[in-house]
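> Fold the following for me, if possible:
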Amino acid sequence: MKSNIKKKIIFFLGLFIIFSLGINLYSIFVHIDYDSTSGTFKKIKQPSINAVHYESYIHIRNNWTAAVLEDWCSGDGSFSNPYTIENVIINATNSPINGGILIENNSNDYFKIKNCTIFTSNGNDNYGIFLSQSDNGTLIENDFSHCLDGIRLTTSDNCTISENTANYNHHIGINITQCNDTTITGNIINDNDVYGIYVSSFEILPLDPNYNISIIGNTIEYNHVGLWMDYTYKGEIKHNSINFNNYTGVHIYESKNLTILNNSISSNGQESYAIGLSIDLSEYCEISMNSVSNNTDDGIFLDNCVKLIVSNNIVDLNDEGIKLIFSIWNNITDNTVRNNNGTGIELVDSNYNRVTGNSLSGNGACIKEEGTSEGNTIENNDCGDEDGGGGQLVIPGFNLYLILGLIGIISVILMRRKCKN
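As a prediction, the model looks like this:
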């Protein structure tokens, strides 16, 4: 009798354990939440961690009503539970939307694209992912390679592009046009035919600038141009590796209030004569603590720039070190400029700049003023044994000490002749 009771206890205990495990597994894969408002449990669909979905394209316009019914989409569009497209592989070669994923006119919902792979097989003009007038998006841990543009955002605000791969695209790795509050961080952007990262306002009229663009901790290598940025009014470019690009490493055009900090900008110009960091028609930017080395043209080049601070950079092994042309009221201070083939610091037709506290050694010449430059303050620079030592200027084509020596000799000769007469 006792044996039967014991068996029944074991049987019901086993049923309880199986039932409990079943509920737990169901809650893991289906996810049950308690709605305190209605007093009921609700089921939220979750994508399987290991599931891989194959699609020819995904198009979301205006709302996510149809998308959320698919196995590869979950979430409710809130900040805490964004719509999520995950684990999708798309061959976009024959896509009717000219790309892998197109999200349009999404201004309110939060969404995330994670662990997706999009490619084309014949190098056609289809993009990987395109966000058009779609805010609050996060692209994370995806691979958008072998497309026209890997990632394209147009007039889309408050987006994050993080830890993606965008390689071997036929135009641009990451293309940002007229966007605000965009963060591009920790991506690998290599071997793209034109630009690694392109941040611009040229393609859309009226021409509205980009605001608050952060480009942090990316690897941008072996592209034609590493990073191009124009018409951006506030932003930061920090901790990036921008090396081995065929042409210019970084080109900034008509922008202001940028911080360019602690980047490696080296060995650019693999196939042509190229500048490491080129800044045109820009103002109120800070360029500090960068390593700008071994580029085939100037290390840092400022053209028509106003009130930039260039400080505490290492600029070495370039053709020229730091060069200013048609630029005014800039501060070039506390930089280490060494072992460049030509002049360490050169000012051409540039006025009222301060060049102070720089350490220059091993350059073809120390500091030069050329053209109509006037009103510049050049002091307390350490030129070592170079021409222009002690912070003195080099007069192009002449050695200052040789000129002073000749003046002294001529003066003595003239004085002796005068005494004989």
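
> By mean pLDDT, flag the weakest helix or strand of the chain.
When each helix and strand of the chain is scored by mean pLDDT, DSSP states H and E, strand 32-35 comes last, with a mean of 38.

> Which pLDDT value belongs to the closest residue to Glu370 other than its chain neighbours?
Closest residue to Glu370 apart from its sequence neighbours, by CB to CB, 6 or more residues apart in numbering: Val348 at 4.8 Å. C-betas here are computed from N, CA, C, even on glycine. Among the per-residue scores, Val348 holds a pLDDT of 98.

> what about this protein, any weak spots by pLDDT?
The chain contains residues with pLDDT under 70 at 1-50, 122-124, 203-206, 386-421.

> need the helices for it, in chain order.
With DSSP state H as the criterion, the chain has helices at 2-29, 400-420.

> show me the contacts for Pro96.
Shown in contact with Pro96 (CB atoms under 8 Å, 6 or more residues apart in numbering): Tyr57.

> should've said Gly196
By CB under 8 Å, 6+ apart, Gly196 lies in contact with 172-174, 189-190, 220-221, 223, 225-227, 242, 245.

> Asn335 too?
Counting by CB under 8 Å, 6+ apart, Asn335 makes contact with 310-315, 322, 358-359.

> Surely Asn268 and His251 touch.
No: assessed by CB atoms under 8 Å, Asn268 is found out of contact with His251, at 10.5 Å.

> what touches both of the two?
Common neighbours of Asn268 and His251 (criterion: CB under 8 Å, 6+ apart): Ile275.

> Show me which of the two is the more surrounded one.
A count of neighbours by other CB atoms under 10 Å puts Asn268 above the other of Asn268 and His251, at 30 against 20.

> Closest to Cys305 out of the contacts of Gly196?
When those are compared for distance to Cys305 (CB to CB), Leu227 wins out at 17.4 Å.

> any idea how far stretch 144-153 is from the chain center?
How far stretch 144-153 lies from its chain's middle: 16 Å, per CA atoms, centre = their mean, to the nearest Å.

> Make 643 the starting number, not 1.
Sounds good: first residue 643 from here, last item stretch 786-795.

> Between the two ends of that stretch, how far is it?
End-to-end span of stretch 786-795 (CA to CA, to the nearest Å): 13 Å.

> got the contact list for it?
Stretch 786-795 is contacted by residues 734, 741-742, 760-763, 765-773, 781, 801, 803, 806-819, 821, 824, 831, 834 when judged by CB under 8 Å, 6+ apart.

> In strands only, show me the residues you listed.
741-742, 760-761, 769-773, 781, 801, 803, 814-819, 824, 831 (DSSP state E).

> May I have the beta-bridge partners of the closest residue to Cys927 other than its chain neighbours?
Closest residue in space to Cys927, ignoring its immediate chain neighbours: Leu900 at 4.4 Å, by CB to CB, 6+ apart. Legend: beta-bridge partners of Leu900 under DSSP bridges are Gly877.

> who touches Leu900 in this structure?
871, 874, 876-879, 894, 924, 927-928.

> who wins for neighbours among those residues?
The residue in the contacts of Leu900 with the most neighbours, by other CB under 10 Å, is Ile879 (30 neighbours).

> ok so, going back, quick check: of the contacts of Leu900, which lies closest to Ser935?
The shortest approach to Ser935 among the contacts of Leu900 belongs to Ile879, at 17.0 Å (CB to CB).

> could you check the distance from the closest one over to Val948?
Remark: distance between Ile879 and Val948 (CB to CB, to the nearest Å) = 19 Å.

> ok, now Gly986?
Using CB to CB, one gets 23 Å for the distance from Gly986 to Val948.

> how near is the residue nearest the centre of the chain to Ile839?
In the chain, the C-alpha nearest the mean C-alpha coordinate belongs to Ile857, at 3.8 Å (CA atoms, centre = their mean). For Ile857, the distance to Ile839 equals 6 Å [CB to CB].

> Report the spatially nearest residue to Asp1024, omitting neighbours in sequence.
Per CB to CB, 6+ apart, closest to Asp1024 is Ser1001, 4.9 Å.

> dump the residue contacts of that neighbour.
Neighbour list for Ser1001: 977-980, 1023-1024 [criterion: CB under 8 Å, 6+ apart].

> Buried among the residues you listed? Make that a PyMOL selection.
Command for PyMOL, covering only those of these found buried under the criterion 16 or more other CB atoms under 10 Å:
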select buried, resi 977+978+979+980+1023
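
> Sitting in strands, which of the contacts of Ser1001 do you find?
Short answer: the contacts of Ser1001 in strands (DSSP E) are 978-980.

> Tabulate these in CSV, adding columns for distance to Gly719.
Compiled in CSV, the ones in strands among the contacts of Ser1001 are given as follows (distance: CB to CB, whole Å):
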residue, distance to Gly719
Thr978, 51
Val979, 53
Arg980, 55
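
> and which of those is nearest to Ser935?
Ser935 has its nearest neighbour among these in Arg980, at 9.8 Å by CB to CB.

> Next, the contact list for that closest one, please.
Contacts of Arg980 by CB under 8 Å, 6+ apart are 956-958, 986, 1001-1005.

> top of those residues by neighbour count?
Scoring these on neighbours with other CB under 10 Å, the highest-scoring entry is Gly986 at 34 neighbours.

> what's near enough to touch that residue?
Contacts of Gly986 by CB under 8 Å, 6+ apart are 963-964, 979-980, 1000, 1002, 1005, 1007-1009, 1025, 1028.

> Check Glu962 too.
Taking CB under 8 Å, 6+ apart, one finds 939-941, 982-985, 988 in contact with Glu962.

> Val997 against Asn1018, yeah?
Yes: assessed by CB under 8 Å, Val997 is found in contact with Asn1018 at 6.6 Å.

> Tell me which of the two has more neighbours.
Applying other CB under 10 Å to Val997 and Asn1018 shows that Val997 carries more neighbours, namely 27 against 20.

> what's the closest non-adjacent residue to Lys876?
What sits nearest to Lys876 in space, not counting adjacent residues and going by CB to CB, 6+ apart, is Asn899, at 4.6 Å.

> Run a quick neighbour tally on that neighbour.
Using other CB under 10 Å, the number of residues around Asn899 comes to 16.

> okay, now Ser804: neighbour count?
Per other CB under 10 Å, the neighbour tally for Ser804 reads 17.

> That one pairs with what?
With DSSP bridges as the criterion, Ser804 is bridged to Ile782, Thr827.

> from memory it sits against Thr824, does it?
No: look at Ser804 against Thr824 with CB under 8 Å: they stay out of range, at 11.2 Å.

> which residues sit in contact with the closest residue to Ile967 other than its chain neighbours?
Closest residue to Ile967 apart from its sequence neighbours, by CB to CB, 6+ apart: Val990 at 4.4 Å. Val990 makes contact with 965-968, 1012-1013, 1015, according to CB under 8 Å, 6+ apart.
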